[in-house]
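Enquirer: The sequence and its predicted three-dimensional model are supplied below.
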Amino acid sequence: MSSGKIFWFFLSLVLLFVAACYLALFSGQVPISIASVFDPGRLDNTSLILWQIRLPRILLAILAGSSLAIAGTTFQGLLRNPLADPFVLGVSSGAALLAVIALALCLPLVPLWAFAGALGTILLVFLIARIRKEITNLTMILAGVILSSFFSALMMLVISFSGSQLRGITFWLMGNLGQADWLWLKIGFAILISCFLLIQAYSRYLNTMILGEEGAQCLGIEVKHLKYLLFTTASLLTGMAVAMSGLIGYVGLIIPHICRLFGGADNRLLLPASAIGGAAFLVAADTIGRTIMPGTEIPVGVITAILGAPLFIYLFLGVKRKN
Amino acid sequence: MLKVEKISVAYDGKDIIKELSFSIKAGEIVGVIGPNGAGKSTLVRAISRILQPQKGCIKYYDQDVYKTPAKLIAKSISVVPQATALDFDYRVYNLVLMGRIPHLGLFEPEKCSDLEIVEQAMKMTGVWELRNRFFNELSGGERQQVIVAKALAAQPSFLVLDEPTSHLDIKHQIEILDLVKSLNRQDQLTALIVLHDINLAAAYCQRLLVLKDGQLFFDGLPKDFITLENLDNVYGVQVKEILNSAGQPWIVYR
């Protein structure tokens, strides 16, 4: 892609992102105009809604959207599979299981439990995949699928005994950005930025995986180390996103697809593009979720699935037709 | 330049190569032939640092390739696989640019000199005109030329080609092998080529290594290997006759 095209591609993404944030900040049940932000007479009320409710929520959407899209791009690159998504290794189920247990038992620090679940799962996936000595994409995916279904079953068991906590758990499982908290946001952004920089640093090596593991190895890449590093980092991002916002599907699947369609498959550009695109998509989806039906809020995971599934089919058919 | 010393390679619990030894001098074009399952591709994987031999060692200029950092080996030894298909489409230029990775640090961007080398490799292989095309849009022959360009972009002193012509028509087969021969003449590039076509191997390689059941059956000049008896022994085929075309043997199968 020429530098001119790269500029316009990123400019469009940034404009979409800014537009989504603007709409999210100024739409909702209490109408706030941009002029009222600068109106000293309404400052208290406005600032409370903006700073304590809408802005943290937008930041959490940015955090989760970017994390899931970066993780999705990384998994797709490593597994050379356009259908891979951040949940492919079962990390989300592990995170969700511990979060559901914490919610059912009314334990504090739910995100921390979810995060621990995510890390524990990736460790288990590596351990199971290593049984056959060689860690291949197939053994990783198989281990992920097995753990995912096992954890889902355990989760259902916990839910069936959860009683009064059922509604909270269900709402969390469908994706919920309403729990934003400044401290968790700061921690989350620190994790997001560090993981993004690490993956971005290795993006050129990630590109070589397109040649197959042996092809990458012939270029002097230590593929085994690269896989350990990037699978773990992408799982950390997924775990963090699930820990803070519940299960939000499709962001990590369709955003890398769309960005690849317009910007090409070079991960050096695809990773930052997906980060911006994922953030814009989730901010927009959450705004739709909380404004489309006055008086009630549709969980953001439901909106991303309703928007994502048809969009994915359309993209998939489009690519098929092109080929 | 390359010394393979008594290597044994097993894969999935099965011995593929047994106690294999040979050496290659700088500037040689060596052909590796043999029937299916003889261990040709396994040998390529062992040399290219993918499948470590259980016994023996492979030395490149007296350095054990498995004890030398992968990037250092990748700077000197480039590999051209049988065929390449990409799951995500890449532009040809970006793909050839990957060939420079062994020479670049993790955070080091490509310099002008890297881009010049890539351009030169693409012009040499005749794919410069295709640079803005997508790889998966190309024909099999063009794809293989692009992959050779990627291998040459690393400026290797030793090129390993694993059945580079197996999916190509005769025109593209000759083009690829002519290119290797001209690089060998101009730049003293050393090459190890796995081939199935014995006639082509005899025409392009100065020396043949013949593998049978994971062991070295023959090491020497093509004309010395190509006899009715050897062909029967290695491949189990009875050929009609062996012609002599301008000093080179040519097998007539029927």
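Expert: That came through, no problem.
Enquirer: contacts, neighbours, all on C-alpha from now
Expert: Will do.
Enquirer: which residues in chain B form helices?
Expert: Remark: helices assigned in chain B by DSSP state H are B:40-47, B:70-76, B:92-97, B:112-124, B:140-153, B:170-187, B:198-204, B:222-225, B:228-235.
Enquirer: nearest to chain A, of the ones you listed?
Expert: Closest to chain A of the helices of chain B, according to Cα to the nearest Cα: helix B:70-76, at 4.0 Å.
Enquirer: How about the closest one and chain A, touching?
Expert: Yes. For a cut-off given as Cα under 8 Å from any Cα of the partner chain, helix B:70-76 has contacts with chain A, namely B:70-75.
Enquirer: from those residues, which would you call buried?
Expert: The neighbour count (16 or more other Cα atoms under 10 Å in any protein chain shown) marks B:70-71, B:73-75 as buried among these.
Enquirer: Now mean pLDDT and distance to A:Ile131 too, for the helices of chain B, in a markdown table please.
Expert: Shown next, in a markdown table, are the helices of chain B (pLDDT from 0 to 100; distance: least, Cα to Cα, whole Å):
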| stretch | mean pLDDT | distance to A:Ile131 |
| --- | --- | --- |
| helix B:40-47 | 93 | 24 |
| helix B:70-76 | 92 | 26 |
| helix B:92-97 | 95 | 34 |
| helix B:112-124 | 94 | 42 |
| helix B:140-153 | 92 | 35 |
| helix B:170-187 | 90 | 42 |
| helix B:198-204 | 90 | 42 |
| helix B:222-225 | 88 | 45 |
| helix B:228-235 | 86 | 39 |
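Enquirer: Show the model's pLDDT score for the spatially most central residue of chain B.
Expert: Central residue of chain B (Cα atoms, centre = their mean): B:Leu161, 1.4 Å from the mean position. B:Leu161 carries a pLDDT value of 94.
Enquirer: and it, what is it in contact with?
Expert: By Cα atoms under 8 Å, 6 or more residues apart in numbering or on different chains, the contact list for B:Leu161 reads B:79-82, B:191-194.
Enquirer: so how far is A:Gly28 from it?
Expert: Per Cα to Cα, to the nearest Å, B:Leu161 is found 63 Å from A:Gly28.
Enquirer: Chain B contacts on chain A?
Expert: A:80-81, A:201-202, A:208, A:210-211, A:214-215, A:217-222, A:264-266.
Enquirer: Which single residue of the stretch 101-250 of chain B approaches chain A most closely?
Expert: For the stretch 101-250 of chain B, Cα to the nearest Cα, closest residue to chain A: B:Pro102, 5.8 Å.
Enquirer: Settle this for me: that residue is touching A:Leu219, isn't it.
Expert: Yes. B:Pro102 is in contact with A:Leu219 according to Cα atoms under 8 Å; the separation is 5.8 Å.
Enquirer: need the contact list for B:Arg133.
Expert: Applying Cα under 8 Å, 6+ apart, the residues near B:Arg133 are B:91-92.
Enquirer: What does it show for phi and psi?
Expert: The phi/psi pair for B:Arg133 (degrees, to the nearest 10) reads phi -80, psi 160.
Enquirer: Can you point out the helix or strand that includes A:Gly144?
Expert: Element membership of A:Gly144 [criterion: DSSP states H and E] is helix A:137-160.
Enquirer: tell me the mean pLDDT for that helix?
Expert: 88.
Enquirer: And the helix or strand just after that helix, what does it pack against?
Expert: Sequence order places helix A:166-173 as the next helix or strand after helix A:137-160, per DSSP H and E. Here helix A:166-173 touches helix A:91-104, going by 3 or more Cα pairs under 8 Å, 6 or more residues apart in numbering or on different chains; DSSP states H and E.
Enquirer: Could you count how many residues lie near A:Ala243?
Expert: As a burial measure, A:Ala243 scores 28 neighbours (other Cα atoms under 10 Å in any protein chain shown).
Enquirer: Also B:Asp197?
Expert: With neighbours defined by other Cα under 10 Å, the count for B:Asp197 comes to 13.
Enquirer: so what's it up against?
Expert: B:Asp197 neighbours (Cα under 8 Å, 6+ apart): none.
Enquirer: likewise A:Phe126?
Expert: By Cα under 8 Å, 6+ apart, the residues touching A:Phe126 are A:135, A:140.
Enquirer: The same query, at a cut-off of 10 Å, please.
Expert: Neighbouring residues of A:Phe126 by Cα atoms under 10 Å, 6 or more residues apart in numbering or on different chains: A:89, A:135, A:139-140, A:143-144, A:228, A:231-232.
Enquirer: Please list all residues in contact with the closest residue to A:Ala114 other than its chain neighbours.
Expert: Nearest non-adjacent residue to A:Ala114, counting by Cα to Cα, 6 or more residues apart in numbering or on different chains: A:Ala95, 4.1 Å away. Neighbouring residues of A:Ala95 by Cα under 10 Å, 6+ apart: A:110-121, A:151, A:238-243, A:246-247.
Enquirer: next one: B:Arg49
Expert: Per Cα under 10 Å, 6+ apart, neighbours of B:Arg49: A:214, A:217-218, A:220, B:58, B:65-68, B:70, B:73-74, B:77.
Enquirer: cool, and A:Leu59?
Expert: Counting by Cα under 10 Å, 6+ apart, A:Leu59 touches A:21, A:65, A:177, A:180-182, A:185-186, A:188-189, A:279, A:283.
Enquirer: And it, how far from A:Lys186?
Expert: 10 Å.
Enquirer: same deal with B:Gly105?
Expert: B:Gly105 is 32 Å from A:Lys186, by Cα to Cα.
Enquirer: what do you get for A:Pro86?
Expert: The gap separating A:Pro86 from A:Lys186 is 22 Å, by Cα to Cα.
Enquirer: sorry, back to before: can I get the buried ones among the residues of helix B:70-76 next to chain A in JSON lines including distance to B:Glu137?
Expert: Output for these, formatted as JSON lines (distance: Cα to Cα, whole Å):
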{"residue": "B:Ala70", "distance to B:Glu137": "32"}
{"residue": "B:Lys71", "distance to B:Glu137": "30"}
{"residue": "B:Ile73", "distance to B:Glu137": "32"}
{"residue": "B:Ala74", "distance to B:Glu137": "28"}
{"residue": "B:Lys75", "distance to B:Glu137": "29"}
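Enquirer: Surely B:Gly99 touches B:Met122?
Expert: No. With contact defined as Cα atoms under 10 Å, B:Gly99 and B:Met122 do not form a contacting pair (11.2 Å).
Enquirer: any residues in contact with both of those two?
Expert: Common neighbours of B:Gly99 and B:Met122 (criterion: Cα under 10 Å, 6+ apart): B:147-150, B:152-153.
Enquirer: which of the residues you listed has the most neighbours?
Expert: B:Ala149 (30 neighbours).
Enquirer: So which bits of the stretch 51-200 of chain B are right by chain A?
Expert: When proximity is defined as Cα under 10 Å from any Cα of the partner chain, the stretch 51-200 of chain B approaches chain A at B:51, B:69-75, B:77-81, B:84-91, B:94-95, B:98-103, B:106-107, B:109, B:132, B:136-137, B:151, B:154.
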